[in-house]
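Colleague: Need a 3D model of the sequence below.
(chains A, B, C and D)
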There are 2 protein chains.
Amino acid sequence: MGITTLTTATLPQTPRPIYHGSGAVSFSTKGEYGVRLMVHLARHHGSGPASLAGIAAEEDLPRAYLEQLVVNLRESGLVVSTRGAHGGYELSRPPEAMTMGEVLRALEGPIAPMVCASDDPEHAITCDRSARCTVNVLWVRVRDAVTGALDSMTLADLVPPRAVTPDDVARDDHDGAMPPP
Amino acid sequence: MGITTLTTATLPQTPRPIYHGSGAVSFSTKGEYGVRLMVHLARHHGSGPASLAGIAAEEDLPRAYLEQLVVNLRESGLVVSTRGAHGGYELSRPPEAMTMGEVLRALEGPIAPMVCASDDPEHAITCDRSARCTVNVLWVRVRDAVTGALDSMTLADLVPPRAVTPDDVARDDHDGAMPPP
DNA sequence: TCCATATCCGACGAATTCACTCGGATATCA
DNA sequence: TGATATCCGAGTGAATTCGTCGGATATGGA
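Modeller: Down below sits the predicted model:
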């Protein structure tokens, strides 16, 4: 056996619960991981680009999968990338100016509880029995509730307020300080 | 070829677009068909049980599939069934007293944009990194928006108000009478 | 000039769910 | 007794989800 050098250090990822969605209106891991990624970028906004490898390690997420998610974010203009060494991604705008609606629409597509009630008029399909379809108002009402909640929050609302001195970032391995369950 | 009598008349179902969900917070056909079924029952409430075959024909839905959906509705106590000839299903309560939240929870499970933000405390999973997880408030806010919209509507809000005489139901093939786009 | 570090890009694959269908057992009314 | 229903469990093909892998390209530093 030759000496197979570990070029990209594959850290032992914590085991994930295999499958994810159970219940209504559930977002996929694309949405979950993507939001986590964006919050990470928001937290370190202004300190240059952050690499996916670093984010994956810190946030404990599968790196190769993040690579896929971030394509949507880049194509929607929410993040900008710099290639090459010391490259990575950063927010294209300050966190206060980026709604969670934009983020989740980029990651998961238009908000549409039903095909006849899509956020994006491009994908909106008026159902063939729209004349007698009285159910439509239900889906529209749900859609508006979701978009209202999403568009009224920004990335800045999700970064933890850094209460103390700015150099407590250097060491943050304070474990065992959780309230009892 | 023997004379294969058509016992259950399989009417040619209108072709369905194969796949359904595209986008975020989308409900499955279980939710769609189930709500249609419940609205149908609400519309004919007080006139005895309605058979699935009749509903499937009138509403143009796959009958055998409805059979599956209705199990959840019955086990949740939203409909009651009577077996045998002239049997069928009817609402267990008047439409005004049945929220769409109850209906959709019965059909699709708890409202949970993310595992850490489930409607049902039974299925709620506090994520392992809840200490630093600041994203949770987002999912909770979305969940509350959805449940708020759903629980503030009843089945009665979805049955079309029968404005005119009750015998205009007999013929309703009024096509070509739509407002111009 | 290399080389390590990045993003980019496309294909591939297993697990799981979705959207049904089918066959039969049981109950009820005419 | 037979037609009409609900009940019940199993099964199935297609599609999606949740990733992985291999390589091409770009960039900064030794």
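Colleague: Quick check: A:Ala124 touching A:Cys116?
Modeller: Yes - assessed by Cβ atoms under 8 Å, A:Ala124 is found in contact with A:Cys116 at 7.4 Å. In short, each C-beta sits where N, CA and C put it, glycine included.
Colleague: so where's chain A uncertain?
Modeller: Residue ranges of chain A with pLDDT under 70: A:1-13, A:15, A:17-19, A:21, A:128-132, A:162-181.
Colleague: Tell me the residues of chain A that contact DNA strand C?
Modeller: By Cβ under 7 Å from any atom of the strand, the residues of chain A that approach DNA strand C are A:7, A:18-19, A:21-22, A:51-54, A:64, A:67-68, A:70-71, A:74, A:81-89.
Colleague: Just the buried subset of the residues you listed, written out for ChimeraX, thanks.
Modeller: Buried members of the residues of chain A next to DNA strand C, defined by 16 or more other Cβ atoms under 10 Å in any protein chain shown, are picked up in ChimeraX with:
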select /A:52,70,88,89
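Colleague: which among the residues of chain A next to DNA strand C are in contact with DNA strand D?
Modeller: Within these, those near DNA strand D by Cβ under 7 Å from any atom of the strand are A:Tyr19, A:Gly21, A:Ala64, A:Glu67, A:Gln68, A:Thr82, A:Arg83, A:Gly84, A:Ala85, A:His86, A:Gly87.
Colleague: I'd like those laid out as JSON lines, including distance to B:Gly46.
Modeller: As requested, these are exported to JSON lines (distance: Cβ to Cβ, whole Å):
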{"residue": "A:Tyr19", "distance to B:Gly46": "43"}
{"residue": "A:Gly21", "distance to B:Gly46": "38"}
{"residue": "A:Ala64", "distance to B:Gly46": "59"}
{"residue": "A:Glu67", "distance to B:Gly46": "59"}
{"residue": "A:Gln68", "distance to B:Gly46": "54"}
{"residue": "A:Thr82", "distance to B:Gly46": "68"}
{"residue": "A:Arg83", "distance to B:Gly46": "68"}
{"residue": "A:Gly84", "distance to B:Gly46": "72"}
{"residue": "A:Ala85", "distance to B:Gly46": "74"}
{"residue": "A:His86", "distance to B:Gly46": "72"}
{"residue": "A:Gly87", "distance to B:Gly46": "68"}
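Colleague: So which of those belong to helices?
Modeller: Counting by DSSP state H, these place A:Ala64, A:Glu67, A:Gln68 in helices.
Colleague: what about the helices in chain A?
Modeller: Here chain A has its helices, by DSSP H, at A:29-43, A:52-59, A:63-75, A:100-108, A:136-151.
Colleague: Nearest to A:Leu158, out of those helices?
Modeller: helix A:29-43 (5.0 Å; Cβ to Cβ).
Colleague: and that closest one, does that touch chain B?
Modeller: Yes - residues of helix A:29-43 are located near chain B by Cβ under 8 Å from any Cβ of the partner chain, namely A:Gly31, A:Glu32, A:Val35, A:Arg36, A:Val39.
Colleague: Smallest gap between chain A and DNA strand D, at which residue?
Modeller: A:Gly84 (2.1 Å; Cβ to the nearest atom of the strand).
Colleague: mind listing what that residue touches?
Modeller: Applying Cβ atoms under 8 Å, 6 or more residues apart in numbering or on different chains, we find A:Gly84 in contact with no residue.
Colleague: ok, now how distant is it from A:Gln68?
Modeller: In this view, A:Gly84 and A:Gln68 are 20 Å apart by Cβ to Cβ, to the nearest Å.
Colleague: Equivalent analysis for A:Cys127, please.
Modeller: Note on A:Cys127: its distance to A:Gln68, by Cβ to Cβ, is 32 Å.
Colleague: Check A:Val35 too.
Modeller: A:Val35 sits at a distance of 15 Å from A:Gln68 (criterion: Cβ to Cβ).
Colleague: Then A:Glu32?
Modeller: According to Cβ to Cβ, A:Glu32 stands 14 Å off from A:Gln68.
Colleague: repeat for A:Ile55
Modeller: A:Ile55 is 14 Å from A:Gln68, by Cβ to Cβ.
Colleague: swap in A:Val135?
Modeller: Counting by Cβ to Cβ, the gap from A:Val135 to A:Gln68 is 35 Å.
Colleague: Likewise for A:Arg16?
Modeller: Taking Cβ to Cβ as the measure, A:Arg16 falls 16 Å from A:Gln68.
Colleague: quick revisit: phi first, then psi, for the residue of chain A closest to DNA strand D.
Modeller: phi 80, psi -180 (degrees, to the nearest 10).
Colleague: need the contact list for A:Thr99.
Modeller: Residues near A:Thr99 by Cβ under 8 Å, 6+ apart: A:Leu150, A:Asp151, A:Ser152, A:Met153, A:Thr154.
Colleague: how deep is the closest residue to the first one other than its chain neighbours tucked in, by neighbour count?
Modeller: Read that as A:Leu150. Counting by Cβ to Cβ, 6 or more residues apart in numbering or on different chains, A:Leu150 lies nearest to A:Gly101, which is 3.8 Å off, once chain neighbours are set aside. Counted with other Cβ atoms under 10 Å in any protein chain shown, the neighbours of A:Gly101 add up to 20.
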